[in-house]
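S.K.: Using only what follows, build the 3D model:
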Amino acid sequence: MFPLLYLSPAVRVSWPFWVFGSCLMLFISIVHADEALLSMEQAVELAQAGNPGILEIKARAEALAAIPSQEGALPDPTLNFDTLNVPTNSFSLHKEDMTMMDIGVSQMIPFPGKLALKEQAAEQEALAAADSVDVARLRLVRDVKQTWWRLFYYDRAINVIAESEQFFQQLIDTAQSRYKVGQGQQQDVMLAQLELSKLKDEKIELIGMRHSAGIQLNTLLSRSADTAVNLPNQAEIKTPVLVVADMQALAMEHSPLFEQHRKMLSVAKTRIEIAEKDFYPDLTLGAGYAVRQNTPSGESRSDFASVKLSINLPIYAEQKQAKAVDQRNSELLQEQYALQDEHNKVHGEIAANTAQYLHAKERLALFEHEIIPQAQQAVSSLMAGYPVGKSGFSDVLRTQLSLFQYQSQYWKSLVETQQILAELSNLIGKELTHD
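M.R.: Sure, this is the predicted structure:
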């Protein structure tokens, strides 16, 4: 019974407005509370929008995308101004016939095909860098999802402990009542209080781990570390049927990591072609015009025009060009081995994670449909018989502790399945659905 309060006439008149205002404030607070909840989809969206690691890799990819046109362009031409054949005894520009002022321009022209190959290699490298952005994005999404699910587990485990605390408090009250009337033992009360204290200790530890996980999630989302992270009480649970061979085939088709390695393999092959082209000389074309001054007596002199053609001579090919080809062939082998190693690693990780997922899924079904319902029935039966002396205190205590462990393991198995799916989505490069 709540005590009756005396209300003045003025207060009684405003009472409906006060009730309406209170309801409105409660509704607003509920709405704001819902807005503060962070769903997994919102967390992923926030992370992709502002994570500095992703932005750094994206900026690098954009920088590499500006290189191909540079590699495919001709070298800048050279403009030269020369003063030729000036006598050192007078430094006169009129005295000697061969004294002249020369202006010229020259252009180096690489052997046909070199620039196109360099541009092609740069384009493939830029595309590989773009794939690296997708690789980093997938890993970020995986980390966000796994951290979010870890927070979800901590919330569920803390709720389980809170329910168990209520049970043990009820058990303590019942044990004390039985002890007062001489039907129970004092050690029953003490044991129940001990278990309650242990639950409080475990709850404190879980709250600490949740705080650390919240900081990790805020870091991934580029938010302040002390930003509150409130999760909804429910989340979409995905339980797709997985086949290892199908998952591995999806990875070969969709994984940007494999695509990145394939492009770098193409880059290595193109660089071999470039190195082989270096056995052929480059050309340099030039033209000049030389101006001569009139003679000291005023007689005019004819100007000179010149055309130049030069090539570089690869006479040290054994020490330079041949070694460059060997280097590029070794780099090609390196990329081939890297692709094969990544192939083996990803396929192995897919097989291992799929096996873990199937085991966790089977265990989850066992907890949900058999162990927990049976434990709940046992606790209810024992708890109903304990106040009248038909159940032993130790049996009630042991069974409830087992139920608490089973409930925690259930949530742990459920979260484990979702975290594994996040890892598999990262490995195959595609979001896994229910189908």
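
S.K.: Just say helix, strand or coil for V241.
M.R.: Secondary structure state of V241, per DSSP: H, G, I helix; E, B strand; the rest coil, is coil.

S.K.: all helices for this protein, in order.
M.R.: With helices called from DSSP state H, the chain shows them at 9-36, 40-50, 52-65, 68-72, 114-180, 186-220, 244-254, 256-277, 321-366, 372-385, 393-428.

S.K.: Let's have these in JSON lines, adding mean neighbour count and distance to Q234.
M.R.: The C-beta positions use only the backbone N, C-alpha and C, and glycine is treated the same way. Output for the helices of the chain, formatted as JSON lines (neighbours: other Cβ atoms under 10 Å; distance: least, Cβ to Cβ, whole Å):
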{"stretch": "helix 9-36", "mean neighbour count": "10", "distance to Q234": "13"}
{"stretch": "helix 40-50", "mean neighbour count": "17", "distance to Q234": "11"}
{"stretch": "helix 52-65", "mean neighbour count": "15", "distance to Q234": "29"}
{"stretch": "helix 68-72", "mean neighbour count": "15", "distance to Q234": "50"}
{"stretch": "helix 114-180", "mean neighbour count": "19", "distance to Q234": "10"}
{"stretch": "helix 186-220", "mean neighbour count": "16", "distance to Q234": "18"}
{"stretch": "helix 244-254", "mean neighbour count": "16", "distance to Q234": "28"}
{"stretch": "helix 256-277", "mean neighbour count": "20", "distance to Q234": "32"}
{"stretch": "helix 321-366", "mean neighbour count": "15", "distance to Q234": "16"}
{"stretch": "helix 372-385", "mean neighbour count": "15", "distance to Q234": "18"}
{"stretch": "helix 393-428", "mean neighbour count": "20", "distance to Q234": "12"}
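
S.K.: List just the one of the ones you listed that sits closest to T284.
M.R.: Of all those, helix 114-180 sits nearest to T284, with 14.0 Å by Cβ to Cβ.

S.K.: What is that closest one packed up against?
M.R.: Applying 3 or more Cβ pairs under 8 Å, 6 or more residues apart in numbering; DSSP states H and E, we find helix 114-180 packed against helix 40-50, helix 52-65, helix 68-72, helix 186-220, helix 256-277, helix 393-428.

S.K.: Least confident of the helices of the chain, on average?
M.R.: Of all the helices of the chain, mean pLDDT reaches its minimum on helix 9-36 (a mean of 40).

S.K.: Contact partners for the residue positioned nearest the centre of the chain?
M.R.: Centrality entry for the chain: nearest residue to the mean C-alpha point is L140, 1.6 Å, by Cα atoms, centre = their mean. Residues in contact with L140 (Cβ atoms under 8 Å, 6 or more residues apart in numbering) are A47, Q48, N51, G53, I54, L220.

S.K.: what does N329 give?
M.R.: I272.

S.K.: State the distance from it to Y410.
M.R.: Per Cβ to Cβ, to the nearest Å, N329 is found 57 Å from Y410.

S.K.: quick one on the thing from earlier: can I get the contacts of L140 in a markdown table with distance to A162?
M.R.: Below are the contacts of L140 laid out as a markdown table (distance: Cβ to Cβ, whole Å):
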| residue | distance to A162 |
| --- | --- |
| A47 | 30 |
| Q48 | 35 |
| N51 | 34 |
| G53 | 37 |
| I54 | 38 |
| L220 | 28 |
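
S.K.: Dump stretch 154-165 to PDB, restricted to CA.
M.R.: Presented in PDB, the C-alpha positions along stretch 154-165 are these (Å, rounded to 0.1, in the frame of the first residue of the first chain):
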ATOM      1  CA  TYR A 154      28.600  -9.700 -21.800                       C
ATOM      2  CA  ASP A 155      25.200  -8.100 -21.500                       C
ATOM      3  CA  ARG A 156      23.400 -11.400 -21.700                       C
ATOM      4  CA  ALA A 157      25.800 -13.000 -19.100                       C
ATOM      5  CA  ILE A 158      25.300 -10.100 -16.700                       C
ATOM      6  CA  ASN A 159      21.600 -10.500 -17.000                       C
ATOM      7  CA  VAL A 160      21.900 -14.200 -16.300                       C
ATOM      8  CA  ILE A 161      23.900 -13.300 -13.200                       C
ATOM      9  CA  ALA A 162      21.300 -10.800 -12.100                       C
ATOM     10  CA  GLU A 163      18.600 -13.400 -12.400                       C
ATOM     11  CA  SER A 164      20.700 -15.900 -10.400                       C
ATOM     12  CA  GLU A 165      21.300 -13.300  -7.700                       C
END
